[in-house]
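Student: structure for the following, please:
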Amino acid sequence: MFAKLKQKIAEEETSSDGTTSQPQSPQTRRSRTSKPKINGWSENKWEKRRLSTASLYESKESVFSELSSTPGYGRRRTSFSSRASSVTPTWAPSPCDSSNASVGSGASREEILAMLAEKTEQVARLEGKIQGMASLIKETNRTKDMLEEKLEKQQKESSRKLQDLDEEFEQRIIKIKSDHEKALKQKSQFIQYQTDATRKAAEILEKSKQLDELDQEYAKQKAELGSLQDRLDDLARERTKYEAREKQLQTKVTSIEKENTSLRDELNQTVSELTQKSLQLSRTEKSMEDTQSELASLRQSYTFYKNQTTTELHEKQVKIENIEERNGDLERRLQDCKLSGNDKYGALERERQTLEERLSEVSTLNERLERKETALTECKRMHEIETASLKDKISNLEERLASSSHLLQDKASESERMQALIQKNEQLERDLERARQNMNCTSKSADEQISNMESEINRLEDLRIQEHEEVQKKMGRLNEIEKEYSVRVDQYKQRIADLEEEKEQLQGELDSQTEELQQVSLCLEDAMTRTNELKSQIANFEQNLKDKDGMLNCVRDSKGEPSDIQYGSISSVDAVNALRKDLDSTRLRCKKSEDALLEREKTILQLRNKLKDKEDVMNRLSTRLKQYEENNRFVKNDRIYASDARDSHKVIAALRQQIKEMQRQSTEREMLQLDENELKELRQDSLRQEKELQEKEKKIKLLQSKLAELKKAFQRELKLPLPEEESGISVTPETPPSESTSRSEKERMEYLDMNFKYLKHVIFKFMCSDNKQSRQLLNVIAHMLNFTSKEQKCVQDAFEWKLPID
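Tutor: Predicted coordinates for the structure are as follows:
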């Protein structure tokens with residue numbers, strides 16, 4: 001800005017020094033190109049103001065004296081001024097130019113007076129402008145002093161803030177060093193924990209082998225129970241075989257009795273048939289006579305009615321068809337009447353076609369009638385054939401009557417046959433009695449065999465019942481044990497699932513917190529870079545202010561020169577305006593920089609508060625994990641422990657790798673001399689991860705203790721000796737029964753307490769979780785509260801009714 005102003009001022013000075021004082025005509029001046037303007041003034045304004053002041057002040061007294069002596073000055077002044085304003089050009093000539101023009105052209109006195117009056121007015125205007133510029137310069141000096149004071153204050157405040165930041169930075173460096181020393185100590189402790197974890201993992205593997213042996217023994221007992229069940233199945237099969245034999249004997253007896261009854265029925269039927277045949281012969285003779293008379297009457301009536309019905313039906317059908325055709329024709333004609341033009345012609349053609357079709361139908365009907373006549377002739381012929389057959393039947397019936405007479409003659413022979421049949425019946429009764437005797441003998445032997453078999457079956461059933469009771473007792477015990485273990489396994493599975501979910505949640509929270517910490521570190525880096533940028537901007541502003549001070553001093557020095565008052569006043573006004581603009585811009589920038597610094601400080605404080613809150617959350621989560629691990633005193637079988645141990649080892653290995661990577665990154669950043677805030681964050685992350693490792697190691701210890709307790713409880717319930725007792729080494733002295741009962745009661749109370757805590761945890765989670773998770777927890781709550789299947793189903797139905805899946 002100031003450099004450009006200086007260049008313009010120098011160009012104007014050179015142009016003012018280089019211009020000639022010869023007068024120029026207005027036409028030549030107009031033909032020139034328009035000069036550039038600065039703040040609305042042309043380039044020759046400095047000449048006008050310099051040259052006009054001296055000539056005007058010298059000729060002022062003489063002009064006014066002449067004007068006062070001349071009469072009619074007041075009358076002519078308006079015309080002179082108007083003429084002068086119309087005659088004078090846009091540019092103001094120099095004094096020498098005006099004198100030359102007045103001398104050379106021989107201008108009148110009035111014109112000279114008008115010019116002088118105009119110049120006096122210009123002088124008055126310039127004086128007013130000079131006074132205004134002087135007041136403006138005073139105001140600019142005051143504002144400059146105020147700005148200098150404010151700049152000094154801001155410099156003091158910025159130096160104080162920089163000192164505070166340096167002190168905070170030194171304190172942070174001290175804290176980082178102490179944290180690094182703590183991290184090294186915790187690293188050595190972690191190595192010790194690692195060795196302990198490997199030793200404990202070996203112990204867990206040994207205990208898993210012992211549990212495998214117990215599983216093998218349980219499988220053997222299951223095999224023995226299966227053999228006993230097979231034996232019981234064989235006995236049941238033998239019993240079914242004996243029952244099948246008994247059923248076969250009973251079926252044989254019933255079949256013999258049925259044969260006897262059937263033979264008696266046959267005798268009775270033969271006697272009844274003989275009597276019926278004798279009666280039928282008499283009846284048939286009477287019926288023959290009646291039928292012959294009826295046949296004749298029926299033939300006559302049949303022919304009469306048949307002819308009558310056929311004719312009536314044919315006539316009715318013909319009438320119905322004719323009526324339907326007429327009805328159709330009438331409907332078509334009614335529809336055709338409504339038509340016009342080509343449609344009516346088409347309708348007529350359709351009627352013609354229908355008539356032709358009807359003619360064809362009539363021809364077909366004639367053909368059909370001919371066919372029907374042929375069919376009627378055939379029917380007559382068939383009727384004659386039937387009458388001939390009936391005559392043949394009548395002759396046959398007459399022959400039968402003759403044969404019936406012969407049958408009456410043969411009755412004597414049939415009575416003799418009856419006697420023979422009676423004799424056969426008596427023989428069959430004798431055979432029945434013999435068969436009954438044989439059956440009684442066989443039944444007695446079968447009863448004896450059945451009694452023997454029943455005694456054996458009863459004995460076997462008693463044995464089976466005894467064995468079954470023993471097996472049921474054993475199975476009941478085993479089922480109870482299995483149920484308890486299944487319940488515990490389900491509980492442990494659910495607990496482990498809950499713990500895994502919580503573990504995943506914690507891991508997710510850790511990942512999110514690490515990401516947030518990285519973001520915080522990036523924000524802090526940005527804040528530091530921005531603070532450095534603001535410092536550099538403040539330094540630039542200070543340099544600019546120094547330059548402006550120099551410019552103002554130059555302006556003050558230029559005030560003392562009398563010849564350049566006008567030039568100095570205008571340039572000082574421009575410079576003051578430029579300075580004002582620059583000062584306003586610097587004020588805005590300073591305010592913006594201060595606001596940005598305040599915002600950075602606020603963001604840093606917010607980030608610190610967030611870090612503290614997240615550390616508190618991490619501590620709470622770690623305490624919750626410890627509580628859950630303390631509440632879960634029993635864990636499922638060795639496989640789950642092994643898988644948990646493997647998972648924990650994997651997690652430990654992953655955390656070690658992360659620690660190594662973080663250490664490598666920290667060393668690289670130290671080598672590259674990055675910001676120390678990042679080092680502090682990295683060290684905090686390493687400390688957090690080491691704390692997590694410690695918590696995982698504590699979890700492994702708790703799992704190992706729980707595994708030992710579970711093995712003891714399993715051995716107590718199976719009433720098996722401990723491995724130390726089998727080897728013959730007595731580890732602990734035998735406890736009296738009172739102590740064992742007290743221990744069992746204590747364990748039971750602890751188990752109930754644990755169960756209550758777990759139930760409390762499950763209900764709390766059920767109430768806090770969403771629809772899907774609470775739906776999964778229904779079975780666990782039902783198991784903990786010993787719901788029946790009906791109650792559980794009611795709860796599920798109500799839950800689905802109230803909270804259906806979206």
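Student: low pLDDT regions in the stretch 301-450 of the chain?
Tutor: Confidence mapping of the stretch 301-450 of the chain against pLDDT under 70 gives the ranges 338-341, 404-405, 408, 411-412, 415, 435-436, 439, 442-443, 445-447, 449-450.
Student: mind listing the helices for it?
Tutor: Taking DSSP state H, counting those that start in this stretch, the helices of the stretch 301-450 of the chain run over residues 342-409, 411-559.
Student: just put these in JSON lines and tack on distance to residue 311 and mean neighbour count.
Tutor: (Glycine included, C-beta is placed from N, CA and C.) Formatted as JSON lines, the helices of the stretch 301-450 of the chain follow (distance: least, C-beta to C-beta, whole Å; neighbours: other C-beta atoms under 10 Å):
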{"stretch": "helix 342-409", "distance to residue 311": "12", "mean neighbour count": "11"}
{"stretch": "helix 411-559", "distance to residue 311": "56", "mean neighbour count": "14"}
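Student: those into CSV, with extra columns for distance to residue 304?
Tutor: Supplementary listing: the helices of the stretch 301-450 of the chain in CSV, determined by distance: least, C-beta to C-beta, whole Å:
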stretch, distance to residue 304
helix 342-409, 14
helix 411-559, 47
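Student: and of the ones you listed, who's closest to residue 223?
Tutor: Taking C-beta to C-beta as the criterion, helix 411-559 is the member of those that comes nearest to residue 223, at 12.7 Å.
Student: can you give me the pLDDT of residue 731?
Tutor: Among the per-residue scores, residue 731 holds a pLDDT of 37.
Student: for residue 125, which of the helices of the stretch 301-450 of the chain is the nearest?
Tutor: From the helices of the stretch 301-450 of the chain, taking C-beta to C-beta, the stretch that ends up closest is helix 411-559, at 21.0 Å.
Student: which one, of the helices of the stretch 301-450 of the chain, ends up nearest to residue 140?
Tutor: Ranking the helices of the stretch 301-450 of the chain by proximity to residue 140 (C-beta to C-beta) places helix 411-559 first, at 7.9 Å.
Student: residue 699: neighbour count?
Tutor: Residue 699 has 20 neighbours, counted by other C-beta atoms under 10 Å.
Student: quick check, pLDDT for it.
Tutor: Looking at residue 699, its pLDDT reads 72.
Student: go on, residue 30?
Tutor: 42.
Student: same thing with residue 125?
Tutor: In the predicted model, residue 125 carries a pLDDT score of 85.
Student: what about it, distance to residue 135?
Tutor: Distance of residue 125 to residue 135, given as C-beta to C-beta, to the nearest Å: 16 Å.
Student: extract the C-alpha trace of stretch 240-260 and format it as PDB.
Tutor: This file holds the C-alpha atoms of stretch 240-260, laid out as PDB (Å, rounded to 0.1, in the frame of the first residue of the first chain):
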ATOM      1  CA  THR A 240     -44.000-110.900  23.800                       C
ATOM      2  CA  LYS A 241     -43.200-114.200  22.100                       C
ATOM      3  CA  TYR A 242     -45.000-116.200  24.900                       C
ATOM      4  CA  GLU A 243     -48.000-113.900  24.600                       C
ATOM      5  CA  ALA A 244     -48.100-114.500  20.800                       C
ATOM      6  CA  ARG A 245     -48.100-118.300  21.300                       C
ATOM      7  CA  GLU A 246     -51.000-118.000  23.700                       C
ATOM      8  CA  LYS A 247     -52.900-115.900  21.200                       C
ATOM      9  CA  GLN A 248     -52.300-118.500  18.500                       C
ATOM     10  CA  LEU A 249     -53.700-121.400  20.700                       C
ATOM     11  CA  GLN A 250     -56.800-119.300  21.500                       C
ATOM     12  CA  THR A 251     -57.300-118.600  17.800                       C
ATOM     13  CA  LYS A 252     -57.200-122.300  17.000                       C
ATOM     14  CA  VAL A 253     -59.900-123.100  19.700                       C
ATOM     15  CA  THR A 254     -62.100-120.300  18.400                       C
ATOM     16  CA  SER A 255     -61.700-121.600  14.800                       C
ATOM     17  CA  ILE A 256     -62.800-125.100  15.800                       C
ATOM     18  CA  GLU A 257     -65.900-123.800  17.600                       C
ATOM     19  CA  LYS A 258     -66.800-121.700  14.600                       C
ATOM     20  CA  GLU A 259     -66.600-124.800  12.300                       C
ATOM     21  CA  ASN A 260     -69.000-126.700  14.600                       C
END
